[in-house]
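Participant: Following is a predicted model, sequence given first.
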Amino acid sequence: MTIVDLSKTEGRSYPARRVTKNLVGGTSPMKSEHFSLGFVELEPRGGQVPWHNHAQEEVYFILEGEGEMCLAEERQAVRGGQAVFIPPGTFHQLTNVGDTPLHMVYCYAPAGDVAHWRQELQGTLPKAGLDAPPLPEGARPQHTAAPE
């Protein structure tokens, strides 16, 4: 039996002010062929999963905190206890707009690599409105800066 303990799982920090911990798939000792699951903490006032897309369908489940979810042309407030379905290939972004950390769980299927992690670390994310569709009107800007 494989058990993964969130409190003992090493996370990866990203330039957009978040930490991601893979619980199933990726670098986790718990492997799955069909889906990946992880935990994310977005820093207060602007921590973000930047505007991106990928071939997998995905669900974000907000555990606690307040955020702004952008999905294609839509922008909406989200909070703890809510889930958002993200269709395959759809650009999306989640930004913490609150004064406390936003915690969420993601699950995507099928399992596999999502390029936006690597692109963010390399500073090569497609830029909203230039290399990618624009963000919805009024949305928080996409974080695209390369790491320092």
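Facilitator: Cool, got the structure.
Participant: So which residues of this structure form strands?
Facilitator: 12-14, 18-24, 36-42, 48-52, 57-64, 66-71, 74-79, 83-86, 92-96, 102-109 (DSSP state E).
Participant: Report the angle between the second one and strand 102-109.
Facilitator: Strand 18-24 runs at 40 degrees relative to strand 102-109, counting by axes from the mean of the first three to the mean of the last three C-alpha atoms, to 10 degrees.
Participant: one step back: nearest to V4, of the strands of the chain?
Facilitator: With C-beta to C-beta as the measure, strand 18-24 is the member of those nearest V4 (5.2 Å). Glycine gets a C-beta too; all of them are placed from N, C-alpha and C.
Participant: Output the below-cut-off pLDDT ranges for this protein.
Facilitator: Applying pLDDT under 70 to the chain picks out residues 146-148.
Participant: measure the residue nearest the centre of it to K8 for me?
Facilitator: When the chain is reduced to its mean C-alpha position, the closest residue under C-alpha atoms, centre = their mean turns out to be V49, at 4.0 Å. To K8, V49 is 23 Å away according to C-beta to C-beta, to the nearest Å.
Participant: that older thread, of all the strands of the chain, which lies closest to R140?
Facilitator: strand 92-96 (4.4 Å).
Participant: Packing partners of that closest one?
Facilitator: In terms of contacts (3 or more C-beta pairs under 8 Å, 6 or more residues apart in numbering; DSSP states H and E), strand 92-96 is packed against strand 36-42, strand 48-52, strand 66-71, strand 102-109.
Participant: who's in contact with the closest residue to G80 other than its chain neighbours?
Facilitator: Leaving out its chain neighbours, the residue that sits closest to G80 by C-beta to C-beta, 6 or more residues apart in numbering is E64, at 4.0 Å. Counting by C-beta atoms under 8 Å, 6 or more residues apart in numbering, E64 makes contact with 80, 100-103.
Participant: With respect to Q122, which of these is nearest?
Facilitator: L102 (24.5 Å).
Participant: show me what contacts that closest one?
Facilitator: With C-beta under 8 Å, 6+ apart, L102 has these contacts: 41-42, 44, 47, 62, 64-67, 94, 96.
Participant: re the thing from before, the contacts of E64: which two are farthest apart?
Facilitator: Going by C-beta to C-beta, the pair spanning the contacts of E64 furthest: G80 and P101, at 11.1 Å.
Participant: Kind regards, and thank you for your time.
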